[in-house]
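> model the structure of this input:
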Amino acid sequence: MSLLLAGVIMFGGSIVQGAIGFALGLIAVPLLVEAGFSLSQSVALTTLALGIQSLFGARKLRAHIPWKEVRLAAVVRYLTVPLGVLLLISVESLDTATVKRLVGLGVLLGVGLRILARSETFRELPTAVSAAVFGLSGVLQGLVAMGGPPLVLWMTTRDFRANQARAFTLTLFLLNAPLQVLLLLILSQTMTVDVLAMALLLTPVIYLGAMIGIRIGDRFSKPLLNRAALSVLVVIAANAIL
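Numbers count the residues shown, from 1 in each chain. The predicted structure follows:
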């Protein structure tokens, strides 16, 4: 039953991620917590799913990876993801209702950052500001597997082509996934090898969902898909908080 629930959640989240380029963590983590998984297990499953998706995508877009920007972001995130994981371990001891509310608030923060990104215009940011954004992304990635929204916000200030933007986020997710999962295996009492095996078993489901999402994204306008996804996320967050 746990495998079935995780499969349905990952399939749906992968469709949305494939269609609009973000939101797998925002969708999967709160729903997995609601389904009875611990926060560490939910974050690990989602991180592995992102890693699996990113492996396929980054390989396909490897010629478009903006390595100059990736290097700074990867270093900062490697330093801050462990901080997020430590925060995750500290809050996981709280009661289930409190954990759900924290995750719901995290989803609302991600939605807020995504909406804010729409109003930003291109400009060159100081390195310190970029590093701070990448640091926030790393902490949120380690805490609740929701490191994407700060990256989306930062990319609105860059003159990235669509393929470069996708390659940038995919490469960062791929690079940080092994570190994050290893830390969870070492530090979390609820994280087991069985959870890793579950994620590997779900690889075909994750891949299929991503492919369906990409096709959906090609058929409908991005603004329409973004509005639909953000509306779903708000409902999920409200349900987790209330």
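
> distance check, R101 against A240.
To A240, R101 is 7 Å away according to C-beta to C-beta, to the nearest Å. Glycine gets a C-beta too; all of them are placed from N, C-alpha and C.

> more neighbours: which of those two?
A240 (23 against 16; other C-beta atoms under 10 Å).

> test my guess that the more buried one contacts V103.
Yes - using C-beta atoms under 8 Å, A240 is in contact with V103, at 5.6 Å.

> spit out the residues that contact these two alike.
30, 33 (C-beta atoms under 8 Å, 6 or more residues apart in numbering).

> can you say which helix or strand has the closest residue in space to I216 that isn't next to it in sequence in it?
Among residues not flanking I216 along the chain, A19 sits closest, at 4.6 Å (C-beta to C-beta, 6 or more residues apart in numbering). Element membership of A19, judged by DSSP states H and E, is helix 2-20.

> what residues does that helix touch?
23-25, 27-28, 31-32, 35-37, 45-46, 49, 53, 198, 201-202, 205-214, 216-217, 220, 222, 225-226, 229, 232.

> distance from it to the middle of the chain?
With C-alpha atoms, centre = their mean, to the nearest Å as the basis, helix 2-20 stands 12 Å off its chain's centre.

> what's the first helix or strand after it?
Next in sequence after helix 2-20, counting helices and strands by DSSP H and E, comes helix 24-34.

> in the chain, what residue spans correspond to helices?
All helices of the chain, identified by DSSP state H, fall at 2-20, 24-34, 39-60, 67-91, 96-117, 127-144, 148-155, 162-187, 193-201, 203-219, 222-241.

> looking at those helices, which is buried most?
helix 24-34 (a mean of 26; mean count of other C-beta atoms under 10 Å).

> then that helix to CSV, C-alphas only?
Taking Å, rounded to 0.1, in the frame of the first residue of the first chain, the C-alpha atoms of helix 24-34 are listed here in CSV:
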residue,chain,number,x,y,z
LEU,A,24,7.6,18.1,-7.6
GLY,A,25,8.8,18.8,-4.1
LEU,A,26,6.0,21.2,-3.4
ILE,A,27,3.5,18.6,-4.3
ALA,A,28,5.1,15.3,-3.2
VAL,A,29,6.4,16.2,0.3
PRO,A,30,3.1,17.4,1.9
LEU,A,31,1.1,14.5,0.2
LEU,A,32,3.6,11.9,1.3
VAL,A,33,3.5,13.3,4.9
GLU,A,34,-0.3,13.1,4.7
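
> off-centre distance for it?
On the basis of C-alpha atoms, centre = their mean, helix 24-34 sits 10 Å off its chain's mean C-alpha point.

> stretch 179-194 too?
Per C-alpha atoms, centre = their mean, the displacement of stretch 179-194 from the mean C-alpha position of its chain is 17 Å.

> what of stretch 230-238?
In terms of C-alpha atoms, centre = their mean, the centre of stretch 230-238 is set 15 Å apart from its chain centre.
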